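Here's a sequence, model it:
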Amino acid sequence: MDEVFGLFPTPFMRAPGTLNARLVEGLVKHFSVLARSANKASDSLLHTEMLRPDDSELLVEAATLIMPKVVDMGALIFGERLGWSIKEMWVNLMDTGGLQAMHNHANSFVSGVVYLTSSHPDSQTVFLKSPGGTDFAFKNEHANITPTPFNGDRWISPPPSPGDLVLFPSYLMHAVAPNQGERRITMSFNAIPNGLDSWGYAIKFGA
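As a prediction, the model looks like this:
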């Protein structure tokens, strides 16, 4: 029987209900009023300043619940259960018509999004194939093709519920289409391991 192998897959972790309803409500109430920085791509998308977990008891509680998932994700990427830390967190408020342009996250290894509200079906996070040189010079694109994981250039994450967490490698490109629904609130973060060791060539991260 023929077999098809997905070589070198990109890990994407979805952890439903990571934050409970009480914590989600507290984060929304506290940080919605602190999101004042406009996004360059959209006037209808605001961010808080970069935060650290110890800036708020709410963030400490959230980070405590998120961290075991980050360790699990790191084991998938690096093959070892390393010590990790969240280097920065921020809350995003996207009103109707707001959008997030395609981007990735520098200076980190694992990034994540916690959904603090529901999202309109047309405004879920979209993950995109890197625009780098991994494609053939010719493509086969028209109305009659069947999309597969091997020919698609984007993937739409599953519909989230408040408290759901997703984790992905920081290099993965992602975006949010124009919001067709009510205010969409998320909390994003970046994480780094304490260090990496490549056959004795070791590097430490953090202060």
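
quick one: terminal-to-terminal distance for stretch 107-127?
Taking Cα to Cα, to the nearest Å, the first and last residues of stretch 107-127 lie 19 Å apart.

tell me which residues of it are tucked away?
108-117, 119-120, 123-127 (16 or more other Cβ atoms under 10 Å). For every residue, glycine as well, the C-beta is placed using N, CA and C.

Look at the residue nearest the centre of the chain and give its secondary structure.
Centroid check for the chain by Cα atoms, centre = their mean gives residue 112 as the closest residue, at 3.5 Å. At residue 112 the chain is in strand, as set by DSSP: H, G, I helix; E, B strand; the rest coil.

Return the set of buried residues in stretch 53-60.
The neighbour-count check on stretch 53-60 (16+ other Cβ under 10 Å) flags 53, 56, 58-59 as buried.

Now do the strand or helix carrying residue 90, average pLDDT.
Using DSSP states H and E, residue 90 sits in strand 84-94. Across strand 84-94, pLDDT averages out at 96.

Sheet-wise, list the partners of the helix or strand following that strand with their directions.
Following strand 84-94 in sequence order, the next helix or strand is strand 100-103 (DSSP H and E). Sheet partners assigned to strand 100-103 using DSSP bridges are listed as strand 173-176 (antiparallel).

Regarding the residue lying closest to residue 75 once chain neighbours are set aside, which helix or strand does it belong to?
Closest residue to residue 75 apart from its sequence neighbours, by Cβ to Cβ, 6 or more residues apart in numbering: residue 81 at 4.9 Å. Assigned by DSSP H and E, residue 81 belongs to no helix or strand.

which stretches of the chain form helices?
Along the chain, counting by DSSP state H, helices occupy 21-31, 57-78.

So what touches the last one?
So that's helix 57-78. If you take Cβ atoms under 8 Å, 6 or more residues apart in numbering as the criterion, helix 57-78 is touched by 11, 13, 15, 18-19, 23, 26-27, 30-31, 51-54, 80-82, 84, 86, 89, 109-110, 112, 114, 165, 167, 169, 187, 189, 191, 193, 196.

orientation of that helix relative to helix 21-31 in degrees?
Here helix 57-78 points in a direction 110 degrees away from that of helix 21-31 (axes from the mean of the first three to the mean of the last three Cα atoms, to 10 degrees).

All further residue positions should be reported with the first residue as 19.
Will do, 19 is the new start, and the previous item becomes helix 75-96.

Tell me what angle helix 75-96 forms with strand 102-112.
If you take the same axes, to 10 degrees, helix 75-96 sits at 120 degrees to strand 102-112.

Against residue 105, how distant is the residue nearest to residue 48 when sequence neighbours are not counted?
Excluding the flanking residues, the one nearest residue 48 by Cβ to Cβ, 6+ apart is residue 76, at 5.9 Å. To residue 105, residue 76 is 18 Å away according to Cβ to Cβ, to the nearest Å.
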